[in-house]
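1. Structural data only, the sequence is not supplied:
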Ligand SMILES: [Zn+2]
Ligand SMILES: [Zn+2]
């Protein structure tokens, strides 16, 4: 399988937490948390269309400024999603600067705040000096018995979240590709069909759930000419596409180990291909972890095991363990795999 998402941590395991997920072949990315993110560089930061914030403790939000700076004047819309209080936090950040010369800087920031009572939305425009414009609130959707709800629904994927107890709500996220499509290039080639933009259109028809008898006209670019041709979606499905289960990535940071959090995390991360989970403490310091509403490496491993994930990546290590990163990883691995 040629995965649609490629993901990596923004920083070293001892650095600020953050996850960058590239949506391949689309020049688009998703970003989870805004800790220090200079390491990403402007090109990657600008690709992030949607940013998912767990909570706004400083190590998860200080990178907002870097993002704002590179996004100014690019005609972009940034969408931020996060817990209660995020709109006021963004407003506070924006009011920390002077904005009298930004008339020609078309930047829009839309912030969605998710809480049990519903979704609050506010928009800030560079053209009016980032005044806050509140929009009507809407109810949560996609709610499950395990406390999850939908944050973003895209034709290709959905992002679900669950509010964990970190003494304040800390949102955990799961990114789920609807299903995965693989085009067989050899068969396309043998049938005299080029690869190219038309296959993207075909993907959209599949994501939209169009039926097999759906007909469409595609523009095919051959080496020396272009051609308009009619296809039947069912024929493409049968001859050229393999459809398999979609990829899933889960991201969990800053949460206490308790029954309620465990139930929510296990349900949200269930069957993930990669489970990114915080592990700030070694289990010998489990009491400190509990006092500070964080997980230990062993607890991260247990959660990964119960959720039946394929791969566990631990990060957000406390600086008290500098040079002991391998111990944290070992402890998590042993609890996850039993070796
Ligand atoms: Zn925190
Ligand atoms: Zn943190």
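-> Nice, I can see it. In this text, all values refer to a predicted model and were calculated from it rather than measured experimentally. Numbering: from 1, shown residues only. Ligands and ions are numbered 1, 2, ... in the order given.

2. Would you mind listing what in the stretch 201-339 of the chain touches ligand 2?
-> Within the stretch 201-339 of the chain, the positions near ligand 2 by Cβ under 5 Å from the ion are residue 254. C-beta coordinates here come from the backbone N, C-alpha and C atoms, glycine included.

3. tell me the contacts of the nearest residue to residue 15 once chain neighbours are set aside?
-> Among residues not flanking residue 15 along the chain, residue 36 sits closest, at 6.5 Å (Cβ to Cβ, 6 or more residues apart in numbering). By Cβ atoms under 8 Å, 6 or more residues apart in numbering, the residues touching residue 36 are 10, 11, 15, 16, 18, 62, 63, 66.

4. which one of those residues is nearest residue 47?
-> Of all the contacts of residue 36, residue 10 has the smallest distance to residue 47: 13.1 Å, by Cβ to Cβ.

5. Need the per-residue pLDDT for the closest one.
-> Looking at residue 10, its pLDDT reads 97.

6. Once you drop chain neighbours, what's closest to it?
-> Residue 10 sits nearest to residue 18 (Cβ to Cβ, 6+ apart), 3.4 Å away.

7. Quick check: that neighbour touching residue 38?
-> No - look at residue 18 against residue 38 with Cβ atoms under 8 Å: they stay out of range, at 11.0 Å.

8. Which neighbours do these two have in common?
-> residue 63.

9. where's whichever residue of the stretch 201-339 of the chain sits closest to ligand 1 relative to residue 306, distance?
-> In the stretch 201-339 of the chain, the residue that lies nearest ligand 1 is residue 254 (3.8 Å; Cβ to the ion). Per Cβ to Cβ, to the nearest Å, residue 254 is found 19 Å from residue 306.

10. between the two, who's got more neighbours?
-> residue 254 (26 against 16; other Cβ atoms under 10 Å).

11. my read: residue 90 touches residue 111, true?
-> Yes - shown here, residue 90 and residue 111 form a contact pair, counting by Cβ under 8 Å, at 5.1 Å.

12. Quickly list what's touching both of those two.
-> 80, 122, 124.

13. What about the second one, how many residues nearby?
-> In this case it means residue 122. Number of residues near residue 122 (other Cβ under 10 Å) recorded here: 19.

14. and it, what element?
-> Using DSSP states H and E, residue 122 maps to strand 118-125.

15. What is that strand packed up against?
-> helix 86-94, strand 108-115, strand 132-138 (3 or more Cβ pairs under 8 Å, 6 or more residues apart in numbering; DSSP states H and E).

16. Quick one: mean pLDDT over the first one.
-> Within the predicted structure, the mean pLDDT of helix 86-94 is 97.

17. between it and strand 132-138, how many degrees?
-> Orientation note: helix 86-94 sits at an angle of 170 degrees relative to strand 132-138 (axes from the mean of the first three to the mean of the last three Cα atoms, to 10 degrees).

18. so what's the nearest residue to residue 108 once chain neighbours are set aside up against?
-> Distances taken as Cβ to Cβ, 6+ apart place residue 77 nearest to residue 108, at 4.4 Å, with adjacent residues excluded. Residue 77 is in contact with 49, 107, 108, 109, 110, counting by Cβ under 8 Å, 6+ apart.

19. And the helices in the chain?
-> 41-47, 64-71, 86-94, 185-190, 197-207, 233-240, 259-269, 286-291, 297-307, 325-337 (DSSP state H).

20. in the fourth one, what counts as buried?
-> The neighbour-count criterion (16 or more other Cβ atoms under 10 Å) identifies residue 188 as the buried residues of helix 185-190.
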